[in-house]
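Chemist: Just need the structure, nothing else, for what follows:
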Amino acid sequence: MILTTAQALVRWLAAQRTVLVDGTEAPLFPAVFAIFGHGNVLGLGTALSESDLPVWRGHNEQGMALAAVAHAKATHRRQVGVATSSIGPGALNMVTAAGVAHANRLPLLLLPGDTFVNRAPDPVLQQVEPFGDGTGTANDAFRAVSRWFDRITRPEQLVATLPQVARVLTDPADCGPVTLALPQDVQAEAFDFPDALFEPVTHHPPRPRPDRDALARVAEAVRASRRPLLVLGGGVRYSDAVGEAVALAEAHGVPVTETTAGRTLVPHDHPLHAGPLGITGSASANALAAEADLVLAVGTRLQDFTTASWSLFGQDVRLVTVNAARFDAVKHGALALVADAREAMAELAPLLTGWRSGSAWTARATEERARWDAYIDALRAPSDEPATYAQVVGVVNEASEPGDYVMTASGGLPGELIGGWRGADVASMDVEYGFSCMGYEIAGAWGAAMARPSGVVTTLVGDGSYLMLNSELFSAAFAGHGFVAVVCDNDGYAVIDRLQRGNGAPAFNNMYADARSRQANTPRVDFASHAASLGCAVLAARDVDELRAAYAQARTHARDGRVAVVVIPTHPSAWTDAGAWWEVGVPEQSTYPAVTDAREELDKAKSDQVRYLGRP
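Modeler: Coordinates of the predicted model:
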């Protein structure tokens with residue numbers, strides 16, 4: 001059939017189907033987020049207007065692309081959000097979202113407009129002209145943060161590239177962002193496409209089975225251990241492998257911990273649940289990690305916040321990884337099992353028959369977590385001080401119901417939510433800490449609310465992130481996708497101030513009190529008035545008791561399809577502490593003696609780092 005490039009692309013998108021976690025079939029591309037400009041409004045914009053694909057109007061290109069990322073995570077990577085922009089600044093605004101998707105192994109399809117292939121009107125509006133490269137455009141910035149990049153310079157190129165687009169977006173090993181740069185003249189060109197390109201296709205997630213020899217080696221290593229620890233990452237969530245992983249742990253008495261991406265996979269009160277692992281995790285899980293002689297890490301890339309910059313584990317620990325991506329499985333010389341998490345757990349279980357961890361080690365999970373729970377209870381207890389993050393998390397946690405979803409990103413709130421949350425629902429949390437992207441909190445809540453029409457989506461956001469990217473509050477309010485945003489105002493970038501002062505540097509440029517201004521009386525943001533001006537229902541709270549009432553009312557608004565914003569002042573320096581170390585770049589030389597002291601402490605701490613865990 002004769003179609004323009006844009007029409008063919010849109011028709012192909014509409015023909016792609018997927019199977020959700022519950023087994024039902026649904027569109028692979030359920031939503032297109034769009035801001036139109038001269039680079040995409042006539043070609044792709046016209047094609048979208050002719051189709052039945054749901055198109056949602058964004059107000060910041062980064063924000064709408066982040067919403068698409070969060071939508072994908074909320075559906076366990078079974079659906080993919082699409083975002084399109086014009087050329088130039090609109091396109092480059094989406095590079096950050098591509099970085100988020102790449103770091104977190106989440107699917108995202110980006111369709112930025114591009115400059116003319118025919119070059120007749122060059123240089124066109126918003127065109128970047130690289131000196132010495134006539135083929136380059138601003139969209140080449142996407143190459144570093146895309147798992148698949150293509151610039152469509154002829155309509156017929158879609159026939160070859162679209163299968164690769166589908167492969168990357170649906171493959172557990174290669175999953176990540178795809179960028180198709182679309183020159184605006186090519187968007188409008190027509191071609192006689194083969195009808196078969198637009199036949200409906202249902203994509204089933206591939207489940208690669210483990211290599212038999214590698215599986216046997218893993219089983220042998222596990223059976224030889226006395227103090228094994230099971231670490232569940234995001235790959236367990238996306239593989240729907242929670243049942244198999246927990247069953248293996250129960251059959252053999254293995255304590256279980258979670259990474260950031262794997263958070264809420266195990267019910268909080270499960271007797272084998274030791275808590276979340278790492279810097280933003282729990283002292284309970286970290287205590288077991290320090291004593292484990294084998295770590296079985298499933299579906300995780302083991303980033304530094306999970307491993308405390310590789311200081312959590314003992315020097316003699318045996319690291320075994322299960323991952324669909326060989327790239328992640330082989331890190332740190334691990335004994336690698338490259339396979340789908342669900343199939344690997346199911347096939348490993350029979351090889352462990354008759355083996356069980358020692359009862360004392362098994363009991364440590366409950367014992368250590370009880371100590372951590374008591375610590376969190378003390379942090380949540382009423383006080384005369386301003387509300388702390390831990391108390392805010394406690395209020396939201398206590399009011400949550402089955403089917404709800406909680407999220408945050410960057411700053412100090414991830415440590416409070418990851419470490420303090422007590423969940424019962426599986427996969428009911430999204431903390432963007434792979435890329436630590438400020439601004440994800442609000443935009444992501446829009447995408448999550450779109451993907452999860454039942455239950456209440458709540459996002460926790462600091463004042464810094466709110467100011468960085470709040471435009472999608474209006475996008476969601478206008479579209480009618482209700483959620484709750486709890487804005488914690490602690491008067492600055494408080495967690496970085498903590499890092500700065502905690503390593504000997506003076507308070508500088510993070511809290512408003514320490515930032516340069518020519519004003520004698522510096523202004524402050526009225527978050528309540530601002531959110532109200534964006535069409536949100538707004539509730540202000542001065543303390544924890546008022547927060548409890550305000551949050552209950554906000555949940556009612558969210559169920560009615562409104563965006564509700566709860567604003568509360570919070571303590572700037574009260575934190576949950578998992579007792580783990582993090583390597584940061586403390587200067588070797590400084591005019592501040594405290595910085596020099598902090599460098600000495602850094603050098604001492606580095607002696608506990610495990611550099612390489614490989615064994616012959």
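Chemist: By residue count, which helix of the chain is the longest?
Modeler: Using DSSP state H, we find that the single longest helix of the chain is helix 359-380.
Chemist: burial count for the residue nearest to residue 428 when sequence neighbours are not counted?
Modeler: Counting by CB to CB, 6 or more residues apart in numbering, residue 264 is the residue found nearest to residue 428 once chain neighbours are left out, at 4.8 Å. Quick note: C-beta positions are derived from backbone N, CA and C, even for glycine. Residue 264 has 24 neighbouring residues, counting by other CB atoms under 10 Å.
Chemist: which residues touch residue 264?
Modeler: Residues touching residue 264, when contacts are defined by CB atoms under 8 Å, 6 or more residues apart in numbering, comprise 258, 421, 423, 425-429.
Chemist: Can you select the buried ones among those for me in ChimeraX?
Modeler: Provided next is the ChimeraX selection string for whichever of the contacts of residue 264 are buried by 16 or more other CB atoms under 10 Å:
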select :258,421,423,425,427,428,429
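Chemist: and the residue nearest to residue 428, which of the three is it?
Modeler: What DSSP: H, G, I helix; E, B strand; the rest coil gives for residue 264 is coil.
Chemist: Do a quick rundown of the helices in the stretch 101-250 of the chain.
Modeler: Using DSSP state H, counting those that start in this stretch, the helices of the stretch 101-250 of the chain run over residues 157-170, 184-187, 212-223, 234-239, 242-252.
Chemist: deepest of the ones you listed, which one?
Modeler: helix 234-239 (a mean of 27; mean count of other CB atoms under 10 Å).
Chemist: Chain neighbours aside, what residue packs nearest to the spatially most central residue of the chain?
Modeler: A centroid search over the chain (CA atoms, centre = their mean) returns residue 432, at 3.2 Å, as the residue closest to the centre. The spatially closest residue to residue 432, leaving aside those adjacent along the chain, is residue 409, at 3.6 Å (CB to CB, 6+ apart).
Chemist: One more: residue 223?
Modeler: The shortest distance from residue 223 to any non-neighbouring residue, by CB to CB, 6+ apart, is to residue 355 (4.7 Å).
Chemist: Read off the pLDDT value for the one you found.
Modeler: You'll see residue 355 listed with a pLDDT of 98.
Chemist: Report whether the expected contact of it with residue 252 is present.
Modeler: Yes - counting by CB atoms under 8 Å, residue 355 touches residue 252, with 6.2 Å between them.
Chemist: coming back round to it: what about the contacts of residue 264, which are in strands?
Modeler: 258, 429 (DSSP state E).
Chemist: Of the contacts of residue 264, which is the nearest to residue 175?
Modeler: For the contacts of residue 264, the minimum distance to residue 175 (CB to CB) is 16.4 Å, reached by residue 427.
Chemist: residues contacting the closest one?
Modeler: Here residue 427 is in contact with 76, 237, 242, 264-265 (criterion: CB under 8 Å, 6+ apart).
Chemist: Reformat the residues you listed as a markdown table; add distance to residue 329 and pLDDT.
Modeler: Putting those into a markdown table (distance: CB to CB, whole Å; pLDDT from 0 to 100) gives the following:
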| residue | distance to residue 329 | pLDDT |
| --- | --- | --- |
| 76 | 20 | 98 |
| 237 | 17 | 98 |
| 242 | 20 | 98 |
| 264 | 24 | 98 |
| 265 | 19 | 98 |
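Chemist: Farthest-apart pair in the residues you listed, please.
Modeler: 76 and 264 (12.6 Å).
Chemist: Next, the distance between the ends of stretch 381-391.
Modeler: From its first residue to its last, stretch 381-391 covers 7 Å (CA to CA, to the nearest Å).
Chemist: again, but for stretch 115-134
Modeler: For stretch 115-134, the separation between the terminal residues is 12 Å (CA to CA).
Chemist: now swap in stretch 419-429 and tell me
Modeler: Start and end residues of stretch 419-429 are separated by 12 Å (CA to CA).
Chemist: what about that stretch, average pLDDT?
Modeler: 95.
Chemist: Which neighbouring residues are in contact with residue 318, exactly?
Modeler: Going by CB under 8 Å, 6+ apart, the list of residues near residue 318 reads 221, 225, 293-295, 335, 613, 615.
Chemist: rerun at 7 Å
Modeler: Applying CB atoms under 7 Å, 6 or more residues apart in numbering, one finds that residue 318 lies in contact with 221, 225, 293-294, 335, 615.
Chemist: where's residue 93 relative to residue 325, distance?
Modeler: Applying CB to CB, to the nearest Å, one obtains 28 Å for the distance of residue 93 from residue 325.
Chemist: who has more neighbours, those two?
Modeler: For residue 93 against residue 325, the residue with the higher neighbour count under other CB under 10 Å is residue 93, and the figures read 20 against 17.
Chemist: Dihedrals phi and psi, the closest residue to the more buried one other than its chain neighbours?
Modeler: Nearest in space to residue 93, with sequence neighbours left out and distances taken as CB to CB, 6+ apart, is residue 61 at 3.6 Å. Geometry field for residue 61 lists phi and psi as phi -60, psi -40, criterion degrees, to the nearest 10.
Chemist: My read is that residue 61 contacts residue 90, right?
Modeler: Yes - in this structure, residue 61 is within contact of residue 90 by CB atoms under 7 Å, at 4.9 Å.
Chemist: Give the residues shared as contacts by these two.
Modeler: Residues touching both residue 61 and residue 90 (CB under 7 Å, 6+ apart) are residue 35.
Chemist: And these two? Which one has more around it.
Modeler: With other CB under 10 Å as the criterion, residue 61 and residue 90 differ in neighbour count, and residue 61 comes out ahead with 28 against 23.
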